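S.K.: sharing a sequence plus its predicted fold:
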Amino acid sequence: MKLEQFVMERMQSTWENIVKFNLSESGVHPVALGELVPSAAGREELLTLELGYGQSNGTADLRNTIAEMYQGADDSNVLVTTGTSEANFLATWSIVEPGDEVIMILPNYMQTWGVARGFGGQIKEVPLIEEMNWAPDLDEFESLLSSKTKLIIVCNPNNPTGAILTEAEMDRITEGARRVGAWLLADEVYRGAERERPITPSFWGRYEKVIVTAGLSKAYGLPGLRIGWIVGPSEIVTKAWSYHDYTTIGPSALSDRLARVALAPDNRRKLLARTREILNNNFPVLRKWVDSYGGMFSVVEPQAGAIAYLRYDLDMESLDFVERLRDQKSVLLVPGEHFHMKNYLRVGFGSQPEHLREALELISSFVSDLP
Ligand SMILES: Cc1ncc(COP(=O)(O)O)c(C=O)c1O
């Protein structure tokens, strides 16, 4: 198997902890361990945890807690993974074989694009249309469906646009999958990180071949726990669990425990409320900055996630923009090129407001120095 470089993640892995202003992150400012476990009793209890191998598919308690968030699911439908990344990797690996056609709605988090190609899949791309507020071209989607379609990949809410599919669009995608008997992989890691709307409906339960991936990294502000999950039919979950034996074996015992703390109903509510508050405090800061450019930058407002996908009107490649900005001002953004698109920049706005303001000022200073 030959994997192409996952260019966005490679850039983030290299630079995100080196730059002063990391606006390449798509989640909110992370929760501190002390915020997650504020009481002395809770902390004492944690100290008794034995750091052995935990249950490799996730403790029954955690799997049950996750299953409760998906109507009709039980613990046999859940595999706990090391981040949503591992969930995506295992799900794609479990499905795609050489020569399979994979329909993917783009732009998207490009992990599954690379992994599906690595396993020999042939990607057929369906674009999101900016003029339609980043809705997918579903006529194009339907024209690509065939008996060769093995897998359909969506990310909802979407990275990088922050757009959310309507229920009608979700139904049309599900119907298409059903018509050709394809698997539908929905990465829902931004579910729960809506700015104004109620929690986005899940693809889970719409069709028997739906696999959902998600985790604690975005809506919950806990990427450092590296906890994700697959929710799917039990046969595919069992298969992915056996593949898991080859990757990380299981989640860290400490993270499994802390994930149960995070997903306890009261804590879950508080964490999601914290995320929403950050998004609503910060997005107006970015909006004002964009508007101050009177068209040089523009944005279709994201509905979820701490990311805005900005179009810019400058005669400069996005990778060049990002690398020069990083080297001159120590601010990191994601270039549209990492999503195979020209003239876009993904800006993360989930950090602390002062930090965001300072970073935006540095971008302004960079732009005003351009020839
Ligand atoms: C759509 C999407 N899926 C998965 C991931 C990876 O998430 P995790 O940190 O839970 O592995 C990301 C991270 O940016 C993402 O945007």
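M.R.: Yep, it's here. Residues are numbered from 1 along each chain as shown.
S.K.: quick one: the helices in the stretch 1-150 of the chain, in order.
M.R.: In the stretch 1-150 of the chain, the segments counted as helices under DSSP state H, counting those that start in this stretch are 7-15, 33-36, 40-47, 60-67, 83-95, 111-118, 138-144.
S.K.: from residue 322, how far out is the residue in the chain positioned nearest to the ligand?
M.R.: Minimum separation of the chain from the ligand (Cβ to the nearest ligand atom) falls at residue 83, amounting to 2.7 Å. Where C-beta positions appear, they are placed from N, C-alpha and C, glycine not excepted. Distance check for residue 83 against residue 322: by Cβ to Cβ, to the nearest Å, it reads 24 Å.
S.K.: from what I can see residue 191 touches residue 214, true?
M.R.: Yes: between residue 191 and residue 214 a contact is recorded at 6.3 Å, counting by Cβ atoms under 8 Å.
S.K.: those two: which is more packed in?
M.R.: Each of residue 191 and residue 214 has its neighbours counted (other Cβ atoms under 10 Å); residue 214 has more, 27 against 24.
S.K.: per-domain residue ranges of the chain.
M.R.: Here the domain assignment for the chain is 7-32+268-368, 50-267, based on automatic domain parsing.
S.K.: let me know which of these is tucked in deepest.
M.R.: Ranked by mean neighbour count under mean count of other Cβ atoms under 10 Å, the domains of the chain are led by domain 50-267, which reaches a mean of 20.
S.K.: start to end distance for that domain?
M.R.: Start-to-end span of domain 50-267 (Cα to Cα, to the nearest Å) is 23 Å.
S.K.: how near is residue 48 to residue 215?
M.R.: 26 Å.
S.K.: now do residue 204
M.R.: Going from residue 204 to residue 215 by Cβ to Cβ gives 15 Å.
S.K.: wait, isn't residue 98 in contact with residue 120?
M.R.: Yes: at 3.0 Å, residue 98 and residue 120 qualify as touching, with contact defined as Cβ under 8 Å.
S.K.: ok, back up a step: would you turn the domains of the chain into CSV with mean pLDDT?
M.R.: Shown next, in CSV, are those (pLDDT from 0 to 100):
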stretch, mean pLDDT
domain 7-32+268-368, 97
domain 50-267, 98
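S.K.: turn the ones you listed into CSV, including distance to residue 42.
M.R.: CSV is the format used below for the domains of the chain (distance: least, Cβ to Cβ, whole Å):
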stretch, distance to residue 42
domain 7-32+268-368, 14
domain 50-267, 7
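S.K.: next to the ligand, which bits of the stretch 151-300 of the chain? Give me the list.
M.R.: 155, 159, 187, 189, 215, 217, 223, 228 (Cβ under 6 Å from any ligand atom).
S.K.: thought the first one was touching residue 105?
M.R.: Which is residue 155. Yes: counting by Cβ under 8 Å, residue 155 does reach residue 105; the two are 7.3 Å apart.
S.K.: measure stretch 25-42 end to end?
M.R.: 30 Å.
S.K.: excluding chain neighbours, what is closest to the residue nearest to the spatial centre of the chain?
M.R.: Centroid-nearest residue in the chain: residue 189, 4.6 Å away (criterion: Cα atoms, centre = their mean). If the residues on either side of it in the chain are set aside, residue 189 comes closest to residue 84, at 4.5 Å by Cβ to Cβ, 6 or more residues apart in numbering.
S.K.: for the one you found, what are its contacts?
M.R.: For residue 84, the contacting residues are 187, 189, 213-215, 217, 228-229, by Cβ atoms under 8 Å, 6 or more residues apart in numbering.
S.K.: rewinding a little: mind picking the two most distant members of the residues of the stretch 151-300 of the chain next to the ligand?
M.R.: 155 and 223 (16.6 Å; Cβ to Cβ).
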